[in-house]
Every structure is written in C-alpha cells, then in structure tokens.
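With the sequence up front, the predicted model follows.
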Amino acid sequence: MLNSLDNELLETIADLHEIPMGAYNIRKNGQKEGRNVTANIDIVSKTDKDGIDIIIKPGTVGESVHIPVIMSASGLNDTVYNTFEIGEGSDVFIVAGCGIHNPGEEDSEHDGVHEFFVRKGAKMKYVEKHYGEGGGKGKRIMNPKTIIEVEEDGVAELEMIQIKGVDDTLRETEIRLHKNAKVVVTERLLTFRDQFADSRIVIELLGEGSSAQVISRSVAQDDSVQKFYFNLVGKNKCMGHVECDSIIMHNAKVYSTPEISALHEDANLIHEAAIGKIASDQLIKLMSLGMTEREAEDRILAGFLH
Amino acid sequence: MLELKNISLNVGKDSKDILNDVSFDFDSRKLYVITGPNGGGKSSLAKIIMGIYEPTQGQILFEGEDITNHDITQRAKLGIGYAFQQPPRFKGIKVRDLLKMASGETADYKHMCALLQDVGLCSQDYIDREVDDSLSGGELKRIEIATIMARDLKVAVFDEPEAGIDLWSFQKLAETFKNIHEKHDTTIVIISHQERILNLADEVIVMADGKVKEVTSKENFFADLEREELDCMCGLDCSKGVDKNVELIG
C-alpha cells in the first residue's frame, strides 16, 4: 500500500500525482508495489537477479513507462538491474527515479543499473530524477549506472536530475552510438551541506554520422564536492559536443575533467567547461528589479538548473 | 524629486576623481539627457543613483527621503530603475521570465508582447528565448530596455540605450521613449550621444571631468554645438583650432 509519504516521493521523482496511466512498475523498499502492462509494453521480473525487463514492441508510438523506486525505511540496501528493449521504430517516454526518505540513523542505499537497447530508428526520451529526504543522520546513497546502445538512426534523449537530498552518489553513464544514431544528455545537479557527487559520462561514437550532445549544469553549495568526467570517443565520422557549466558557492569544490578522444580523422569533437560563481552583474540586475540578494541568487540558480 | 547633493566618487590607489562635487535636482515627469565625452562620469552617476556604486561623499534625496545608504533593492522598491549599458546574460532564464520578474510578476502575455514590440522585437520570436549567449548584443539590449519599461517607475535611468542597436530599431526606440514621456509620470534620465535622443530632452546635462559642465535646453545645446562646428577657436588642443591657428599664424 502506498501511503501519503510514498505519494509525495512519487510526485517528486516521477511527477506522479496518482497511479499512472499506461505501463508502470513501482518498487518500494526492495519489493514490487505495483505493476501494469499494456498491449505494447510488457514488464517481466528477472529470474536470475533483482530487476525487471521492460519490453516495448516495435512501432509503439506515444506511450510511456513509469518505473519509480521509493525507499522509506532506514538501513536498506537495494540493488536492481533493469533492461529496456525499445523496439524498432517506436517513440516512447520513460520516467525512472528514486526517492529515499530516510528517517533513521542507518544509511539507505539504492544502486541501480539501467540498460537500454534502442533499436533501429527508435526514439526514446528518458527522465531520471533522484531525490532524498528525511531527518535522520543516516545517509541517502544512490549509485545509478546507465548503459545505452543506440542502433542505426535511433535517438535517445536523457534528462538526469538530482537536486539536493542525495548525500553520496556515483553516477556512471555509458553510451554507444551506431550509424546516424543521436544522443542528447541533459544533466542537472545540485549538492549542498557535505554531499558528494561523482558523474562520469563516456560516449562512444561508433557509427558514421552519429552525434552526441551533453549539457551538464551543476551548482555546488556549502561544503559539498562534485566531480565530473566526460569523454567523447569518436571512432568514425561524427559530431560531439560537451558543455559543462558549474556554479560554485561557499566552500564547495568542483573538479571537472574533460576528455575528447578522436580516433578518426572526421571526428569533430568539442568540449566546453566553465566553473565560476554567480556573476555580480546578474545579481545586481535582479536586485535592481526589486529582489533581495538572496531572492536574486535563488532565481538565477533555479533558471540555471531548469 | 531626486536630489544629488555634492556627490563625489574616488577610486583606486591614487584616489582618482570619477565624480567631483556633483549637485543636481531632477524634477518629476521631465526627460533628461546626460551627454558629454567618454570618461566624464555619466555612467558612474547613473550607477550612484541606482545604488550600484556608493559615493565617497555627498547625499542623495528621493522625494525628500535620504536614500544615500539605501541598497539597490530598497531603491528599486521605491521606484528607481536602471537599464544596463552592457546587460548580463542568464542561462536558463527566458525573456518572459525576466519580463515577469521586472513587472513584479504582474505582466500577462499580452503586456509582455506589447513591451517587446515597443523595443522593436517580434514577441513571438523572442518571448520564449533564453536570455543567454544565443542573443546578439542588440537583442539583449532591447530586452534590457523592455525590462525597465515593464516596471512602474518613478525614475528610469537608461545607460546609452543606443549602443549596439541598429539604426532602424533605434528609431522605434526613440519613439518609445517619447511615448513613455508623454503618457507616464516617470522621470526619465538617458545617457546618450544620439541626436534623436537629445531631441527628446527637456533638459540636457553636459558632463565632463566628473562634473556637471552645463545644464541647458536642447535648442541651446544644438546651437552651441553648431557654433563650435562652424567657428572653433578653442585653441591648440583642438584639431580644428590647430588648423585655424596654423592658418592665422601662416
């Protein structure tokens, strides 16, 4: 049974106000809480390990899958391995996310592997939100790994969002692009207090005409630490662009390691990275519209992480 | 309504005078154009009015209240506004967000479109654009001016609104300033070198070397300018004067 706390977590991580329409699988405290399949989308529990297979039939257009994970007990260590089969020519929207409410003193950890096969000509939008709350001293830990294979003419669009709440995270993303395949990755990250976040994205551009775009924006506040490692590996005629921007505040630390690896003479790869504090003229502009310095700061950060 | 009393601004190790004992009363509902050579202290004076710079000496009164120690936010809330000469860009903030913030969250879609049209921008093309590097300098400048127009201000200061704006749009902008002046009670202060803007002035303030050199009418200002053009006898420092002196000597 989902209680009001669960519903709140669901709303935050998956924009769900109630049980969703279409296919879904809700996992709570390591157990299956609810599942629905449709004519085109099947969800099957794995037999060899904890996790599910989400199978989307070829040609499925305009359908969505929600697979939120919520944890509301302290001291849990939940690990899942989910595999997505996005059938040829389909166009689907997948919302995943993990919300941890840790009220206790022990750490709660969710480690998940999401593996995607975006088949020929398929299009997938994938949104992943991570959120943590709870007043106890127990840490909220999430270590997601995302592996994506995009076949010829396939398109994958990823939005990965983690705003406050998660104390410790190692986020690994590995993407392989075949002929004319395209990926757009948008990452938004905000850490505060003494949180730690490490994000690594490696994209291999294997096929001719493949393209990758990564837009990463982060805000590091208080004593938090962020580490970024991005690598575009161009192994064919391809285009790749990484734009990595961080706003640093207070005593935070941000380490950004860019790498672009061209292994083909027609690989066209660009990396842009910037770390800096909020520009004073931005604050002055919004203050001259009547905001306090704090309000101006909040609006600038909200826009930046939008 | 806005009184500057003996305002001075010194900066740097050698205490360079940016402004030197400037006093001026701005009356309500008038349009002032501040002009004069670069480095004369015009922008610094505008920033002092908004509270961005703190004067090293002097006092600022607004509607009789001493606002010398008011910060930017307090002055904004009293109805003072300032359009940047080089406006900042904001990643992730859309034109509509900025206009909404400027209006105190009151502006509706129709009003925002009208504001953009007033500064020569097609509202449909711009309202959902981000105020980031994708905008040209001229586009950004026009949006900046629209944010000032979105506010219900008692004093609006525009720092070189013409900079970066093409001639066609600028004509539209000059008309907009004229309309605001005719329809609203806002006291308008424009730092400008443009004849079209100077032509709108109720009073022209000429600043040089950190001082108000002259306060005059636009008619007298242009007459003086013409006279200087035709009959420059200002001396050896001026190129015209040099020629004339050479001729005289010759």
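Yep, that arrived.

Tell me the residues of the stretch 151-300 of chain A that contact chain B?
With Cβ under 8 Å from any Cβ of the partner chain as the criterion, the stretch 151-300 of chain A comes near chain B at residues A:217, A:245, A:279, A:281-282, A:284-293, A:299-300. The way it works is simple: take the backbone N, C-alpha and C, and place the C-beta from them, glycine included.

quick one: is stretch B:164-178 near chain A?
No - judged by Cβ under 8 Å from any Cβ, stretch B:164-178 makes no contact with chain A; its nearest approach is 15.8 Å.

Not counting its own residues, what contacts that stretch?
B:31, B:118-120, B:136-138, B:140-142, B:145, B:149, B:158, B:161-162, B:188, B:190, B:194, B:196-197, B:200 (Cβ atoms under 8 Å, 6 or more residues apart in numbering or on different chains).

Just the buried ones from the residues of the stretch 151-300 of chain A next to chain B?
Buried members of those, scored by 16 or more other Cβ atoms under 10 Å in any protein chain shown, are A:217, A:245, A:282, A:284-291, A:299-300.

Could you pick out the buried ones from the contacts of stretch B:164-178?
B:31, B:118-120, B:138, B:140-142, B:145, B:149, B:158, B:161-162, B:188, B:190, B:194, B:196-197, B:200.

check which helix or strand covers the residue of the stretch 101-250 of chain A found nearest chain B.
Closest approach between the stretch 101-250 of chain A and chain B, counting by Cβ to the nearest Cβ: residue A:245, at 6.9 Å. If you go by DSSP states H and E, residue A:245 is part of strand A:238-248.

try residue B:76
Residue-wise, residue B:76 maps onto helix B:72-78 under DSSP H and E.

all strands for the stretch 151-300 of chain A, in order.
Remark: strands assigned in the stretch 151-300 of chain A by DSSP state E, counting those that start in this stretch are A:155-163, A:168-177, A:182-191, A:196-205, A:210-220, A:225-234, A:238-248, A:253-262, A:267-276.

The fifth one: which residues count as buried?
To tie it back to what came earlier, the one meant is strand A:210-220. Buried, per 16+ other Cβ under 10 Å, within strand A:210-220: A:210-220.

pLDDT score for residue B:205?
On pLDDT, residue B:205 comes in at 97.

Equivalent analysis for residue A:250, please.
96.

where do the strands sit along chain B?
B:2-11, B:16-26, B:31-35, B:57-62, B:65-66, B:80-83, B:155-159, B:187-191, B:203-208, B:211-216 (DSSP state E).

rewinding a little: do you know which of the strands of the stretch 151-300 of chain A lies nearest residue B:216?
Checking the strands of the stretch 151-300 of chain A against residue B:216 by Cβ to Cβ gives strand A:267-276 as the closest, at 45.1 Å.

got the angle for the top helix by length along chain B vs strand B:31-35?
Secondary structure of chain B per DSSP state H: the longest helix is helix B:167-183. Put simply, helix B:167-183 runs at 140 degrees to strand B:31-35, going by axes from the mean of the first three to the mean of the last three Cα atoms, to 10 degrees.

Give me the angle between helix B:167-183 and strand B:155-159.
Using the same axes, to 10 degrees: helix B:167-183 against strand B:155-159 is 160 degrees.

now helix B:167-183: mean pLDDT?
pLDDT averaged over helix B:167-183 gives 84.

which parts of that helix are buried?
Buried residues in helix B:167-183 (16+ other Cβ under 10 Å): B:169-170, B:173-174, B:176-177, B:180-181.

how about the nearest residue to residue A:141 once chain neighbours are set aside, what does it touch?
Counting by Cβ to Cβ, 6 or more residues apart in numbering or on different chains, residue A:141 lies nearest to residue A:109, which is 4.1 Å off, once chain neighbours are set aside. By Cβ under 8 Å, 6+ apart, the contact set of residue A:109 is A:76-78, A:139, A:141-143.

Excluding covalently adjacent residues, which one is nearest to residue A:64?
Nearest one to residue A:64, counting by Cβ to Cβ, 6+ apart, is residue A:93 at 4.2 Å.
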